[in-house]
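Trainee: Return a 3D structure for these sequence lines:
(one chain, ligands or ions: 2)
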Amino acid sequence: MTGGKRILLVEDDRTLAQLLMHQLEELGYTVFCAYSWHDAEQAITSKDPTITIFDMRLPDVDGFEVLPVLTEQSPVIVLTAYGSIDNAVRAMKAGAVEYLTKPVSPEQLELAVQRALESASLRRNYQFYRQRAEVDIGGLMIGKSKALKEVFKLIELVAPADNTVLIQGDSGVGKELVAQAIHQTSRRAGQNMVPVDCCTLQENLFESELFGHERGAFLGAERRKQGLIEVAEGGTLFLDEIGEIPAPLQAKLLRVIETGSFRRLGGTTDLTSDTRFITSTNRDLAQMVQEGSFRSDLYYRLAAFVITVPTLRERREDIPILAEHFLNSRDFARQVQKNLSREAIEELIGYHWPGNVRELRNVMERAILVSGPAPEIQPEHLGLAASARRHGRKVEFSFNHEPTLEEVKKAYFLKLFREYGGHRARIANVLGISERNTYRLIDRYGVSDSQR
Ligand SMILES: Nc1ncnc2c1ncn2[C@@H]1O[C@H](COP(=O)(O)OP(=O)(O)OP(=O)(O)O)[C@@H](O)[C@H]1O
Ligand SMILES: [Mg+2]
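Mentor: Ligands and ions are numbered 1, 2, ... in the order given. Here you go, the predicted structure:
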């Protein structure tokens with residue numbers, strides 16, 4: 001069966017693209033062509049390709065720079081010109097699973113595609129396995145502060161019930177972890193928890209992502225697609241950053257939460273869903289209601305059970321335990337057993353942690369590397385003074401009117417983009433978002449490299 005396999009072909013040479021597309025279609029695959037990186041980015045989000053064939057030399061981008069974005073989404077076969085085997089090797093090191101040199105023979109193409117598809121299915125299994133493995137970890141959340149114990153109590157209380165939960169808290173405090181803990185201690189634990197990041201979905205795709213669509217519901221809807229609500233059937237749908245959900249969808253969401261029924265886009269019949277909704281936000285939803293950007297009826301429905309996760313500086317006793325935990329975490333490959341010096345612990349406890357647990361995790365990850373073979377982590381390995389400077393930085397904008405939040409966001413993004421010469425990874429780092437989301441913002445704000 002090749003029918004369900006979607007191949008994204010990113011190749012600026014249209015003649016070659018057509019030829020390859022034809023060959024792949026003959027083999028029974030569904031192929032989408034993108035002739036530039038710009039097109040490719042859109043196709044990644046809208047088509048969700050199973051694998052990608054990628055010409056490293058594109059007019060609008062450096063192939064090596066964007067390769068990580070592609071490999072994160074799906075296995076990648078790179079296409080390189082004859083004679084540039086070095087580049088092929090570099091691309092494989094950067095995460096590509098196969099390479100093809102031009103001219104491409106049909107046999108090579110078929111073989112490479114088959115292998116990449118195998119990678120794709122392995123990857124899915126691995127993700128599944130990892131999800132399952134986490135279920136077995138007893139203490140999903142580390143901490144012994146009173147404030148966090150309060151959160152544990154609420155999780156225990158609400159987990160067995162089926163009601164909607166709103167998890168509030170600053171960025172990086174562990175909201176998603178709380179959602180996982182609820183799901184895993186609920187009767188739905190054997191089913192999926194499907195996370196949906198409401199920030200990253202494009203407005204026009206949101207509805208079809210969530211509710212699915214019928215064939216022909218809109219241009220490009222070539223076949224019926226299940227929405228995430230259906231994927232989460234029997235399990236939990238985790239709507240992350242619910243404050244970002246567009247207004248027209250708020251009403252539809254309320255309806256499915258209240259009645260359990262919804263319609264696919266372009267559908268004429270109601271479907272019913274048995275899905276639990278857990279939502280999270282780091283915004284002040286109550287204030288958004290007052291400002292009129294969030295529906296009050298949906299808010300009251302969601303806020304029926306609220307868990308507020310405290311910031312790290314409100315529970316400083318958890319800092320050493322978490323630091324130790326990250327130091328000994330198997331995720332960070334280490335050769336040496338390491339400890340924290342007293343001074344390092346003191347510095348960790350005294351710091352204000354604007355990025356909360358996520359920042360602590362990053363600091364420890366970095367400290368492990370920076371300290372090299374030293375068995376004990378010292379304050380200078382933590383690099384906290386430097387990051388405090390960064391957080392204390394003065395940023396100024398001027399507008400000729402009172403700016404909206406969105407305008408300030410855009411202005412700040414453009415400023416960073418210029419300051420960092422369009423370097424995605426560094427911008428992502430400063431903003432505390434993924435590189436992929438940085439690409440999305442570049443798209444949203446219409447920034448081009450010429451604005452560097
Ligand atoms: N109590 C905890 N014990 C262990 N790890 C934690 C704890 N709290 C948070 N973490 C870790 O910190 C990181 C950030 O947590 P998480 O993604 O849940 O935060 P969040 O509140 O959803 O952040 P954001 O608002 O940015 O989405 C993750 O790597 C998570 O595993
Ligand atoms: Mg989160």
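Trainee: switch to C-alpha atoms for all contacts and neighbour counts from now on
Mentor: Will do.
Trainee: wait, what's in contact with F262?
Mentor: If you count contacts by C-alpha atoms under 8 Å, 6 or more residues apart in numbering, F262 has them with 211, 252, 255-256, 270-273.
Trainee: Could you tell me which of those residues belong to strands?
Mentor: Helix and strand membership here follows DSSP state E; of these, those in strands are 271-272.
Trainee: what about the closest residue to ligand 1 within the stretch 201-350 of the chain, how many neighbours?
Mentor: Closest to ligand 1 within the stretch 201-350 of the chain is N282: 5.8 Å, counting by C-alpha to the nearest ligand atom. Neighbourhood size, N282 [other C-alpha atoms under 10 Å]: 18.
Trainee: Quick check: it touching G174?
Mentor: No. With contact defined as C-alpha atoms under 8 Å, N282 does not count as touching G174 (11.0 Å).
Trainee: where do the contact lists of the two overlap?
Mentor: Looking at what touches both N282 and G174 (by C-alpha under 8 Å, 6+ apart), there is no common residue.
Trainee: Spell out which residues of this protein are next to ligand 1.
Mentor: Counting by C-alpha under 6 Å from any ligand atom, the chain comes close to ligand 1 at 141-143, 170-177, 282, 357-358.
Trainee: which of those are buried?
Mentor: Among these, those classed as buried by 16 or more other C-alpha atoms under 10 Å are 143, 170-176, 282, 357-358.
Trainee: Mark which of the residues you listed are part of helices, please.
Mentor: Assigned to helices by DSSP state H, the following of these qualify: 175-176, 357-358.
Trainee: Next one, pLDDT for I377 please.
Mentor: In the prediction, the pLDDT value recorded for I377 is 92.
Trainee: let me redo that: R330
Mentor: At R330, the model reports a pLDDT of 59.
Trainee: right, and D197 touches G243 too?
Mentor: No. Taking contacts as C-alpha under 8 Å, D197 lies outside contact range of G243: 10.7 Å.
Trainee: The stretch 51-200 of the chain: helices as residue ranges?
Mentor: Listed in chain order, the helices of the stretch 51-200 of the chain (DSSP state H, counting those that start in this stretch) span residues 63-73, 85-93, 106-136, 146-158, 175-184.
Trainee: pLDDT weak spots in the stretch 351-452 of the chain?
Mentor: Counting by pLDDT under 70, the stretch 351-452 of the chain contains low-confidence residues at 385-394, 449-452.
Trainee: how does the protein divide into domains?
Mentor: Structural domains of the chain, as assigned by automatic domain parsing, span the residue ranges 6-129, 146-308, 314-391, 405-451.
Trainee: Which one of the residues in the stretch 251-400 of the chain is closest to ligand 1?
Mentor: R358 (4.0 Å).
Trainee: Give me the nearest residue to that residue, chain neighbours excluded.
Mentor: Of all residues not flanking R358 in the chain, G172 sits nearest, at 4.8 Å (C-alpha to C-alpha, 6 or more residues apart in numbering).
Trainee: Please say which of D197 and G243 ends up with more neighbours.
Mentor: Between D197 and G243, G243 has the larger neighbour count (other C-alpha under 10 Å), namely 22 against 15.
Trainee: any chance you could map the helices in the stretch 201-350 of the chain?
Mentor: With DSSP H, counting those that start in this stretch as the criterion, the stretch 201-350 of the chain has helices spanning 203-211, 228-231, 247-259, 285-291, 296-302, 318-327, 342-350.
Trainee: So which of the ones you listed is nearest I368?
Mentor: Comparison of the helices of the stretch 201-350 of the chain against I368 by C-alpha to C-alpha identifies helix 318-327 as nearest, at 7.3 Å.
Trainee: Pull the residues that contact that closest one.
Mentor: Residues lying outside helix 318-327 but in contact with it, judged by C-alpha under 8 Å, 6+ apart, are 142-145, 312, 338-340, 345, 348-349, 357, 360-361, 364-365, 368.
Trainee: Quick check: which ranges of the stretch 51-200 of the chain have low pLDDT?
Mentor: Scanning the stretch 51-200 of the chain for pLDDT under 70 picks out 82-83, 122-138.
Trainee: Return the residues in contact with M364.
Mentor: Listed by C-alpha under 8 Å, 6+ apart, the contact set of M364 reads 323, 326-327, 382.
Trainee: farthest-separated two in the residues you listed?
Mentor: Distances among the contacts of M364 were taken as C-alpha to C-alpha; the most separated pair is F326 and L382, at 13.2 Å.
Trainee: With adjacent residues omitted, what lies nearest to P195?
Mentor: P195's closest residue in space is F238 (C-alpha to C-alpha, 6+ apart), at 4.5 Å.
Trainee: Burial check on the one you found, number of neighbours?
Mentor: For F238, the tally of surrounding residues (other C-alpha under 10 Å) stands at 27.
Trainee: Touching, it and M193? I think so.
Mentor: Yes. Between F238 and M193 there is a contact under C-alpha under 8 Å: 6.7 Å.
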